[in-house]
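Undergrad: Fold the following for me, if possible:
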Amino acid sequence: QVHLVESGGGLVQAGGSLTLSCTSSRRTFSNYGWFRQAPGLEREFVAAIHWSGRNTVYSNSLKGRFTISRHNTGNTMYLQMNSLKPEDTAVYYCAASTRVVVGSGPGDYDYWGQGTQVTVSS
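TA: Residues are numbered from 1 along each chain as shown. Alright, predicted model coming up:
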């Protein structure tokens, strides 16, 4: 059974930074992605990365503040979040896919973590 475990969430003041981590129990995924979901809203794409690290995709609204990367062992992924805003408050989910193309929709991913809460205070 595949496990994805997120860590690094917490409470931060507006303008601050957080780095989320996602560790997978399996190293054969093609792509990893981050999504987030705020109360009452649909799950939103944040960023994704090919396992090689060569291809990254970002939400247009978050590009420039968020950076996705992965450890060279291939089974840990990171999301560096800078200049955080209260509207970034959400549960952040790690996802993994065996598909060839780096996708940006929840349906492009087969495995999900349990999520980690990020709260940005004003």
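
Undergrad: Please list all residues in contact with residue 10.
TA: By C-beta atoms under 8 Å, 6 or more residues apart in numbering, the residues touching residue 10 are 18, 117-119. Any C-beta I mention is one placed from the backbone N, CA and C, and that applies to glycine too.

Undergrad: That one pairs with what?
TA: Counting by DSSP bridges, residue 10 is bridged to residue 118.

Undergrad: How about residue 48?
TA: Here residue 48 sits in beta bridges with residue 33, residue 57, as judged by DSSP bridges.

Undergrad: That one against residue 106, yeah?
TA: No: the pair residue 48 / residue 106 is not scored as a contact, 11.3 Å apart, by C-beta atoms under 8 Å.

Undergrad: Neighbour count: these two, which is higher?
TA: For the pair residue 48 and residue 106, the greater number of neighbours falls to residue 48 (26 against 16), based on other C-beta atoms under 10 Å.

Undergrad: got the contact list for the more buried one?
TA: Counted by C-beta under 8 Å, 6+ apart, residue 48 has contacts 31-34, 56-57, 68, 102-104.

Undergrad: cool, and residue 8?
TA: 18-21, 116.

Undergrad: and what of residue 17?
TA: 80-84.

Undergrad: per-residue pLDDT, it?
TA: Residue 17 carries a pLDDT value of 98.

Undergrad: quick one: it and residue 2, what's the gap?
TA: Going from residue 17 to residue 2 by C-beta to C-beta, to the nearest Å gives 29 Å.

Undergrad: Spell out, range by range, the strands that occur in this protein.
TA: Listed in chain order, the strands of the chain (DSSP state E) span 4-7, 10-13, 18-24, 31-37, 44-50, 56-58, 66-70, 76-81, 90-97, 111-112, 116-121.

Undergrad: same for the last one, what does it pack against?
TA: When you say that, I think you mean strand 116-121. For strand 116-121, the helices and strands in contact under the criterion 3 or more C-beta pairs under 8 Å, 6 or more residues apart in numbering; DSSP states H and E are strand 10-13, strand 18-24, strand 90-97.

Undergrad: Does residue 120 touch residue 92 like I think?
TA: No: assessed by C-beta under 8 Å, residue 120 is found out of contact with residue 92, at 11.6 Å.
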